[in-house]
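Asks: below is the sequence, then the predicted model.
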Amino acid sequence: MATPKDLLWPCDPHTRAKHELLRHYLDAWFPIMMQSSRSWKRVTYAEGFAGPGIYETGEPGSPVVALEAFLRQRRFLDSGKKVNVTLVEDNAARLERLKQEVNAITTKYGGRPQTMEIGYHKGKCANTLLSALSDAGSMTTPIFAFLDSWGGPDIPLDIARTIASVPSSEVLVTFGTRFLLQFGNAEAHQVAGDKAFGGTAWREVKKLPSREKKAFLVSTYRDSLKTAGFPFVLSFEMLDEGGRDIHLVYGTTSHKGLEKMKEAVWKVDPVRGVRYRDPRDPDQTTLDFTLDPDTRPLRQAILAELSKGERTLEKLREMALLETVYRPPHVTPVVRQMLGTGVIERYPERGQLSGDKTIRLVKQSETKLETLF
């Protein structure tokens, strides 16, 4: 198992899937930012735990994945806007190796464009990232910050709060189960926990049974990101074939950004041996993000939403986007199936099942509800 002192380490299935997700998202984010009619003159991609840029078996690290996403779309670098890449790494040897890997990828694509600035900064993310962004002149223009830590409580919420104050900015945070479980022992980690969660609400975890701790902490961290200034937050787990998991939490001020991240999540190749789970799903159903996914958690979410009152189909699509791992297009076929069982009804009954159709629960027997699951 790799440690923060290693120079290189193997690329595990989580990491491959995570990097594929990053690539898919940046393929969409980069042209949108560079072609925007807004007045900003630069956009910034930042990493707080940049690493050496390569893995033991030759796979590229996330900074190289990001740079290649930009360089493959080099035409957007001629739009008049600049791209700033800010890379923070605490290990000197890894930082030097990272410079070599970045030089190799830029050379592959004809050299570093004049409109691209790359800054390397030695130090811990908590102490270095914000000052590095400020020094680069990035604190008034859009930032995408990838905070892919070693799993510990080393990402103070103040970082996310500061980035959220910058227009059109986003964060993608990752942490492992060990991070969550160690916070289950609240007494030993109060100071670090308060910094990571931005307050003391997370401390209630010590009162909960073990099976509820993880979902509570993920939900509390989501709420923390919202309080920090990101109104749209997406979270999910990646699980490999050995059952090892990692959590990803994405915060954005953009509804469109959330849509694009959801699309990127569902593009990740399911053959990579990684499955997914919504940490808030009470049944903890594992999912393959395929063309024909298991939609039981979505059906449960729709029933829970309708238990609060009637909703239009469009509101159910919005709920799926904001509160589940599913995409809005998954909702309509699930609603059709639920209508067929008689558990829900729509009105007006005639016409196509369009977004303005109102959906409501119908009182049913337990047997009929069981046909959904």
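Replies: Structure received.
Asks: what about the nearest residue to Met33 once chain neighbours are set aside, which SS state?
Replies: Taking CB to CB, 6 or more residues apart in numbering as the measure, Met33 lies nearest to Val43, with 4.4 Å between them; neighbours along the chain are not counted. (Glycine included, C-beta is placed from N, CA and C.) Recorded secondary structure, Val43: strand (DSSP: H, G, I helix; E, B strand; the rest coil).
Asks: what sits against Val43?
Replies: Val43 is in contact with Phe30, Met33, Met34, Lys81, Lys82, Val83, Asn84, Thr141, Pro142, Ile143, Phe144, counting by CB atoms under 8 Å, 6 or more residues apart in numbering.
Asks: partner residues bridging it?
Replies: Val83 (DSSP bridges).
Asks: what secondary structure does the most centrally placed residue in the chain sit in?
Replies: Nearest to the geometric centre of the chain sits Tyr250, at 3.3 Å (CA atoms, centre = their mean). Assigned by three-state DSSP, the conformation of Tyr250 is strand.
Asks: make 31 the first number, not 1, from now on.
Replies: Understood, numbering begins at 31; the last thing we discussed is Tyr280.
Asks: quick one: it and Arg341, what's the gap?
Replies: 25 Å (CB to CB, to the nearest Å).
Asks: and Ser67, by the same measure?
Replies: Going from Ser67 to Arg341 by CB to CB gives 34 Å.
Asks: the more surrounded of the two?
Replies: Arg341 (20 against 4; other CB atoms under 10 Å).
Asks: for that one, what are its contacts?
Replies: Arg341 touches Glu335, Met349, Thr388, Ile389, Arg390, counting by CB under 8 Å, 6+ apart.
Asks: looking at those residues, state which has the most neighbours.
Replies: Of all the contacts of Arg341, the highest neighbour tally under other CB under 10 Å goes to Ile389, namely 22 neighbours.
Asks: just checking, what packs against the helix or strand that one falls within?
Replies: Per DSSP states H and E, Ile389 falls inside strand 388-391. In terms of contacts (3 or more CB pairs under 8 Å, 6 or more residues apart in numbering; DSSP states H and E), strand 388-391 is packed against helix 326-336, strand 341-342, strand 374-377.
Asks: so which of the contacts of Arg341 would you say is closest to Glu147?
Replies: Closest approach to Glu147 among the contacts of Arg341 (CB to CB): Met349, at 40.7 Å.
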